[in-house]
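>>> could you look at this predicted model? Sequence included:
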Amino acid sequence: MRFQAELSPRDAAVLQSLMGELEVEGNAVLMSNLLALASWAVSERRRGRRIAAVSDQGPVRELVMPLLERVAPGLDLPRVEIDWTREELENLASLMVAEPAEPTEKLVRLLDGR
C-alpha cells in the first residue's frame, strides 16, 4: 500500500528528529513501528487499561489522548465533588457576574517573563 501525507512544517521536523534519534532510514520503517505502537495502545485502552510511563525517580505519568479515549470502555472521566456552603456559592455567583478584574502588576511581570 502506498501512503502519502501532507505534514505541517512542525510535524515534519518532529518526524525527521524521530528518524534521526531512532536511527531509522526510511519513512516506511518508521511508519510500520509507529503503527505497531498505536495498535498496542488502542488494544490496551480498549481493555480498560491505562497507559503510563513509570520511573524510579519520579511520579507515574499517564498518557491521555482524546483519540485513545474513544475506545476506552465506560469512559471514566475524572470527577470531583465539592460540598459548597451557601455563602461560598453566593460568592462564586457574584464573581461570575462581576466585571473581570485588572491584572496586578506582579501578574503582568510574571506573564512578560520579567
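Nice, thanks for sending it over. Numbering: from 1, shown residues only.

>>> mean confidence for the longest helix along the chain?
Longest among the helix segments of the chain by residue count, using DSSP state H, is helix 27-46. Helix 27-46 shows a mean pLDDT of 93 in the predicted model.

>>> tell me the secondary structure for Glu62?
Assigned with DSSP: H, G, I helix; E, B strand; the rest coil, Glu62 falls in the strand class.

>>> which residues does it bridge with?
Listed by DSSP bridges, the beta-bridge partners for Glu62 are Ala52.

>>> roughly how far apart are it and Ala5?
28 Å (Cβ to Cβ, to the nearest Å). C-betas here are computed from N, CA, C, even on glycine.

>>> ok, Ser17 next?
According to Cβ to Cβ, Ser17 stands 17 Å off from Ala5.

>>> packing partners for whichever strand or helix holds Leu95?
In the assignment (DSSP states H and E), Leu95 maps to helix 86-97. Judged by 3 or more Cβ pairs under 8 Å, 6 or more residues apart in numbering; DSSP states H and E, helix 86-97 is in contact with no other helix or strand.
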